[in-house]
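J.: quick one, structure for this:
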Amino acid sequence: MNNPVDYPDEETMNQQEPEYYTVDKAGDWILSESGEIYDADTHLESLLLRVDNWNKEDVRDLLSILDQVPEVLRATGRPPRASDVIDYSSLPTEPIPQGRELYPIWAMDKKGRCLVGPSADKVEELTDIVTGSV
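T.: Below is the predicted model of the structure:
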């Protein structure tokens, strides 16, 4: 059974430099007053490493990591554009079948779930993607 997590109070959340720690083996991060502490730059490096080392098992895990990047960029004082630090065309992926080149598929997992959309923010099954459609 999981232990409850002590979330930070409002004063802690409004600090200029938020701190992060890992909650579990999956590497989920939250703001905290205790635990193993990471500054925003270190946390960003960790997220980018997790993107590079994504195991291609479930594209939803990759999307979860990508979704955290803008918030962490904001915490480092940078514009919250993940595309400034991630080359979406170089994401780890299973081979994407031919005939899907016109559809924005950024990555595909081992079960055929695809990270899609102009902003790489949606998941669709490969079988639902019509060949050559946009």
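J.: where do the strands of the chain begin and end?
T.: Counting by DSSP state E, the chain has strands at residues 20-22, 29-31, 105-108, 113-116, 122-125.
J.: mind listing what K110 touches?
T.: 56-57, 94 (C-beta atoms under 8 Å, 6 or more residues apart in numbering). Placement of C-beta: from N, CA and C, glycine included.
J.: can you say which of those are buried?
T.: Neighbour counting with 16 or more other C-beta atoms under 10 Å marks 56, 94 as buried within these.
J.: Serialize the contacts of K110 to a markdown table and add fields for pLDDT and distance to I129.
T.: Listed next are the contacts of K110 as a markdown table, based on pLDDT from 0 to 100; distance: C-beta to C-beta, whole Å:
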| residue | pLDDT | distance to I129 |
| --- | --- | --- |
| K56 | 96 | 17 |
| E57 | 96 | 20 |
| E94 | 96 | 14 |
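J.: I appreciate the help and will end here.
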